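Engineer: Just to be clear, the model below is a prediction. Sequence and coordinates:
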Amino acid sequence: MSNNKVSVVVPCYNQAQYLDEALQSVLNQSFNDWECIIVNDGSTDKTEVISNKWIKKDSRFKYVYQNNSGLSSARNLGIKKAESEYILPLDADDKIGENYLELAYQAFQEYKDLKVVYCEAKKFGDSDEMWKLPEFSLYSLSRKNMIFCSALFRKKDWKAIGGFDVNMIHGWEDWEFWISMLKNGGLVKKIESVQFYYRVKDVSMLKAMGAQKTKETEEYLSVKHADFFVEQLGSFSSLLRETERVKKSYEEKLKSKKFLINAFLKKLLVLQF
């Protein structure tokens with residue numbers, strides 16, 4: 001391990017137009033003991049040119065290239081090259097607040113049982129609002145992800161679970177990663193200040209998933225982490241029974257004349273205002 005305590009890993013695939021902002025947010029950190037590894041995932045734009053500019057500006061920036069292999073693979077390569085104990089992934093189109101590394105590192109020093117530290121987040125770009133995420137629990141994590149990719153964790157924990165799953169080619173790789181890391185235990189802490197900024201764009205990986213890719217990804221997750229989903233949500237038979245119960249409840253409501261009238265009146269009020 002080097003003297004750097006945190007390695008920031010920035011995968012980049014044809015996002016050169018955003019890369020300066022991401023790297024500037026790393027350079028602005030109040031915490032100085034970091035290195036930043038830029039991973040060019042086979043980009044055809046000016047990613048290499050911009051990366052070289054930052055390497056010349058500060059020797060803590062480093063650069064590696066690979067043929068296009070996907071986001072999970074790019075993150076894994078950067079983490080493999082990382083020389084620090086702690087890792088923070090940062091997508092090339094996002095930014096971190098100037099105190100993020102300092103606050104996250106301090107949290108790990110104070111609470112030895114921590115596995116993941118993240119923070120409050122805000123959207124920018126095509127949106128300008130707080131990113132309201134539900135409080136973390138394993139039960140909540142079994143229903144949806146609430147930890148973005150830019151959270152601090154130990155390199156040894158990444159290694160223990162085999163890294164980011166390269167089979168997650170359509171998206172949700174962060175969700176799968178946190179399930180793998182946390183399902184067998186470990187504390188999570190959220191810093192109560194905005195230290196992560198998520199860029200909202202018209203075109204994104206998540207928006208491009210589509211119904212079929214979503215279905216394939218859900219099926220893959222449900223098989224790989226069947227133990228986790230059953231433990232948190234119940235057996236498959238109990239889930240089926242709950243689905244039937246909800247279905248019958250709605251069928252009974254639809255048969256109710258009073259329910260239909262109330263639903264119609266509520267809809268009418270919405271249209272009026």
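Structural biologist: Great, that's in hand.
Engineer: what is the mean pLDDT for the lengthiest strand in the chain?
Structural biologist: Criterion DSSP state E: the longest strand present in the chain is strand 187-200. Strand 187-200 shows an average pLDDT of 96 in the prediction.
Engineer: So which residues of the protein form helices?
Structural biologist: 16-27, 47-57, 71-81, 100-110, 138-143, 155-160, 173-182, 210-224, 226-233, 236-255, 257-272 (DSSP state H).
Engineer: Pop the domain breakdown of the chain in here.
Structural biologist: As assigned by automatic domain parsing, the chain contains the domains 6-233, 236-272.
Engineer: if you compare those, which one is most tucked away?
Structural biologist: domain 6-233 (a mean of 17; mean count of other CB atoms under 10 Å). Backbone N, C-alpha and C define where each C-beta goes, glycine included.
Engineer: For that one, measure first residue to last.
Structural biologist: This stretch, domain 6-233, spans 35 Å end to end (CA to CA, to the nearest Å).
Engineer: ok now it, how far from the chain's centre?
Structural biologist: Taking the mean of its C-alpha atoms, domain 6-233 sits 5 Å from the chain's own mean (CA atoms, centre = their mean, to the nearest Å).
Engineer: Can you give me every residue that contacts residue 35?
Structural biologist: Residue 35 is in contact with 2, 4, 6, 7, 8, 60, 61, 62, 82, 83, 84, counting by CB atoms under 8 Å, 6 or more residues apart in numbering.
Engineer: Tell me, what's the model's pLDDT at it?
Structural biologist: The model reports residue 35 with a pLDDT of 98.
Engineer: Grab the nearest non-local neighbour of it.
Structural biologist: In this structure, residue 35 finds its nearest non-sequential neighbour in residue 4, 4.4 Å apart by CB to CB, 6 or more residues apart in numbering.
Engineer: how close does that neighbour get to residue 178?
Structural biologist: Distance of residue 4 to residue 178, given as CB to CB, to the nearest Å: 24 Å.
Engineer: Next: residue 120.
Structural biologist: In terms of CB to CB, residue 120 sits 17 Å off from residue 178.
Engineer: my guess is residue 71 contacts residue 11, does it?
Structural biologist: Yes: in this structure, residue 71 is within contact of residue 11 by CB atoms under 8 Å, at 5.9 Å.
Engineer: Give me the common contacts of these two.
Structural biologist: Contact criterion CB under 8 Å, 6+ apart; residues shared by residue 71 and residue 11: residue 41.
Engineer: I'd say residue 92 and residue 10 touch.
Structural biologist: Yes: contact criterion CB under 8 Å: residue 92 and residue 10 qualify, at 5.6 Å.
Engineer: shared neighbours, the two?
Structural biologist: 19, 22.
Engineer: In the stretch 51-200 of the chain, where is pLDDT below threshold?
Structural biologist: Scanning the stretch 51-200 of the chain for pLDDT under 70 picks out nothing.
Engineer: hmm, back to that, could you say what helices and strands the longest strand of the chain packs with?
Structural biologist: Counting contacts by 3 or more CB pairs under 8 Å, 6 or more residues apart in numbering; DSSP states H and E, strand 187-200 is packed against strand 95-96, helix 100-110, strand 114-125.
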